[in-house]
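> missing the sequence, but the structure's below:
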DNA sequence: GTAAATTCTGACAATATGTCAGTCAAACTC
DNA sequence: GAGTTTGACTGACATATTGTCAGAATTTAC
């Protein structure tokens, strides 16, 4: 028995067939949180209101999470693997780097569009807790490292101009994260098309040069729906 | 009698010579907050601890601000004018657009480096209060609008390729804001040089094309200290 | 010097959090 | 299937922070 989270594509599944109420309760809480955060900001999430949406009482929350931040952290882990997976073409595959980059960005936009309000909840929550903030920055740094690695490889091939990859990679990943939060974090969400346009322009022009940008933009809206 | 905020360049000045304890107390509180946020994250700011750093008692806080968010909002207003002022060359002046843009970005980096931890406090606080969040987004939108206006003007002159200016301007401003918070928001702060490098590369390559980037980068570290 | 106005504070009520001892139910033993 | 063990659950409590208010204290006006 696994529970699908509405409109998010994220599953929180307890042990598939095993009985034990514990794992079910944990998934129950996580699902209630995700559902709540889809229509309310993180600041309105109290443990009281959250547990009202489950079958157990408020103190039971503390059997599974030490506080709301730890709960968010658990949800964040699920999200990270989802995003990384979509971003893999450019990071790992061989082939036209500009095409692969665009494909990866499209996939990332797609995932983040689908969980925008939750993404916003994470960044809001990160500001209120040191541990979660470290977790969030840790995730961003893992993304940075992956991008840096790819940039260095392409610099060695002469595809990318030789500049300090660290600061540019950091900045580019920041663009994405902050755009997703701002554009998709509150409903009604912005349409993903223009966001992908803007992000693609920044990544491609600052890494590979603007001569590639125009060709990508024209086919953009046809491609965006197909990925992932 | 005006009080200078340590290492920030921001002044909170009560009525210059007038007596009246009210305005002095208000400035006293704002300065205490700024000082506190320089070395502690926003989440650790309680009204109790804040007012311990002033000469009056905790309930007095409510004579001046309805809560901590309103206090941050007041400090934000001071900051906005500071930043806008430095960014004016590219936005309003005539001349080589790439040079002016670089000059504006350098000034903005300079200001934001000087109040990095406070900037982080604002974004953290924005996540915990709807009104402050609206104020923060409002400020970002005013920046967006100014950039859009300039982009449209340069597109009309053929200096910038014709693309949807809204999404690109939004993305570019997001780069800056999020980089400032991440790089300068926690001590030890990153050095401003590489941050300016990365930001400049993104702005210049995505707006005017990468052929301008290299020339800017070489002179960068000599220029950065002189502006403003 | 006295009255009016403003600023300040001690004490209170409200809300959310985290803890814990004790209860309850499932599952295991024989 | 009765008794025991294990783990999940809950009511009640202690704590922390917030926001309010009536009255005290201080400044300003006359």
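Yep, that arrived. What you are looking at is a predicted structure, and each value in this text was computed from that prediction instead of being measured.
> can you pull out the strands in chain A?
A:3-4, A:11-12 (DSSP state E).
> weakest of those by average pLDDT?
For the strands of chain A, the weakest mean pLDDT is recorded on strand A:3-4, namely a mean of 40.
> In the record's domain split, what are the boundaries for chain A?
A:3-63, A:68-223 (automatic domain parsing).
> Can you confirm whether the longest one lies near DNA strand D?
Looking back up the chat, that one is domain A:68-223. No - under the criterion of CB under 7 Å from any atom of the strand, domain A:68-223 makes no contact with DNA strand D; the nearest approach is 12.2 Å. Where you see a C-beta, it was placed from the backbone N, CA and C, and this is true even at glycine.
> Distance from the chain centre to that domain, please.
8 Å (CA atoms, centre = their mean, to the nearest Å).
> how near is the closest residue to residue A:152 other than its chain neighbours to residue A:83?
Nearest residue to residue A:152, sequence neighbours excluded (CB to CB, 6 or more residues apart in numbering or on different chains): residue A:165, at 5.7 Å. To residue A:83, residue A:165 is 21 Å away according to CB to CB, to the nearest Å.
> Tell me which of the two has more neighbours.
It is residue A:165, of residue A:165 and residue A:83, that has more neighbours when counted by other CB atoms under 10 Å in any protein chain shown, with 21 against 18.
> Number of residues surrounding the closest residue to residue A:120 other than its chain neighbours?
The shortest distance from residue A:120 to any non-neighbouring residue, by CB to CB, 6+ apart, is to residue A:185 (3.0 Å). Residue A:185: 23 surrounding residues under other CB under 10 Å.
> returning to what we had before: for the domains of chain A, could you give me CSV that also reports distance to DNA strand C?
Below are the domains of chain A laid out as CSV (distance: least, CB to the nearest atom of the strand, whole Å):
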stretch, distance to DNA strand C
domain A:3-63, 4
domain A:68-223, 6
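> Could you list the low-pLDDT ranges of chain A?
A:1-22, A:210-228 (pLDDT under 70).
> Go through chain A and flag its longest helix.
The longest helix of chain A (DSSP state H) is helix A:130-156.
> Tell me which other helices or strands that one touches.
Counting contacts by 3 or more CB pairs under 8 Å, 6 or more residues apart in numbering or on different chains; DSSP states H and E, helix A:130-156 is packed against helix A:68-92, helix A:116-126, helix A:165-184.
> Just want the angle from it to helix B:116-126.
In terms of direction (axes from the mean of the first three to the mean of the last three CA atoms, to 10 degrees), helix A:130-156 departs from helix B:116-126 by 120 degrees.
> Give me the angle between helix A:130-156 and helix A:68-92.
10 degrees.
> Would you mind listing the buried residues in helix A:130-156?
A:132-133, A:135-136, A:139-140, A:143-144, A:146-148, A:150-151, A:154 (16 or more other CB atoms under 10 Å in any protein chain shown).
> Distance of the closest residue to residue A:140 other than its chain neighbours relative to residue A:65?
Counting by CB to CB, 6+ apart, residue A:173 is the residue found nearest to residue A:140 once chain neighbours are left out, at 6.1 Å. Note on residue A:173: its distance to residue A:65, by CB to CB, is 28 Å.
> same thing with residue A:129?
12 Å.
> Equivalent analysis for residue A:93, please.
On the measure of CB to CB, residue A:93 and residue A:65 end up 38 Å apart.
> neighbour count winner among these two?
Set residue A:93 next to residue A:65 and count neighbours by other CB under 10 Å: residue A:65 wins out with 18 against 12.
> how many other residues sit next to the closest residue to the more buried one other than its chain neighbours?
Spatial nearest neighbour of residue A:65, chain neighbours left out: residue A:71 (4.4 Å); criterion: CB to CB, 6+ apart. When neighbours are defined as other CB under 10 Å, residue A:71 has 24 of them.
> hang on, residue A:71 packs against residue A:33?
Yes - using CB atoms under 8 Å, residue A:71 is in contact with residue A:33, at 5.6 Å.
> is it true that the residue nearest to residue A:140 touches residue A:142?
No - counting by CB under 8 Å, residue A:173 stays clear of residue A:142, with 9.9 Å between them.
> joint contacts of the two?
Counting by CB atoms under 8 Å, 6 or more residues apart in numbering or on different chains, no residue touches both residue A:173 and residue A:142.
> separation between residue A:115 and residue B:64?
40 Å.
> Give me the more crowded residue out of the two.
Per other CB under 10 Å, whichever of residue A:115 and residue B:64 has more neighbours is residue A:115, with 27 against 18.
> returning to what we had before: output the domains of chain A as a markdown table; include the columns distance to residue B:198.
Shown next, in a markdown table, are the domains of chain A (distance: least, CB to CB, whole Å):
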| stretch | distance to residue B:198 |
| --- | --- |
| domain A:3-63 | 30 |
| domain A:68-223 | 4 |
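> Return the most buried member of those.
Among the domains of chain A, judged by mean count of other CB atoms under 10 Å in any protein chain shown, the one packed with the most neighbours on average is domain A:68-223 (a mean of 19).
> Report the spatially nearest residue to residue A:51, omitting neighbours in sequence.
For residue A:51, the closest residue by CB to CB, 6+ apart turns out to be residue A:58, at 4.6 Å.
> how about that neighbour, what does it touch?
A:47-48, A:51.
> does residue A:107 really touch residue A:86, like I thought?
Yes - using CB under 8 Å, residue A:107 is in contact with residue A:86, at 3.3 Å.
> Of all the helices and strands packed on helix A:130-156, which one comes closest to residue B:159?
With distances scored as CB to CB, the stretch of the helices and strands packed on helix A:130-156 nearest to residue B:159 is helix A:165-184 (22.5 Å).
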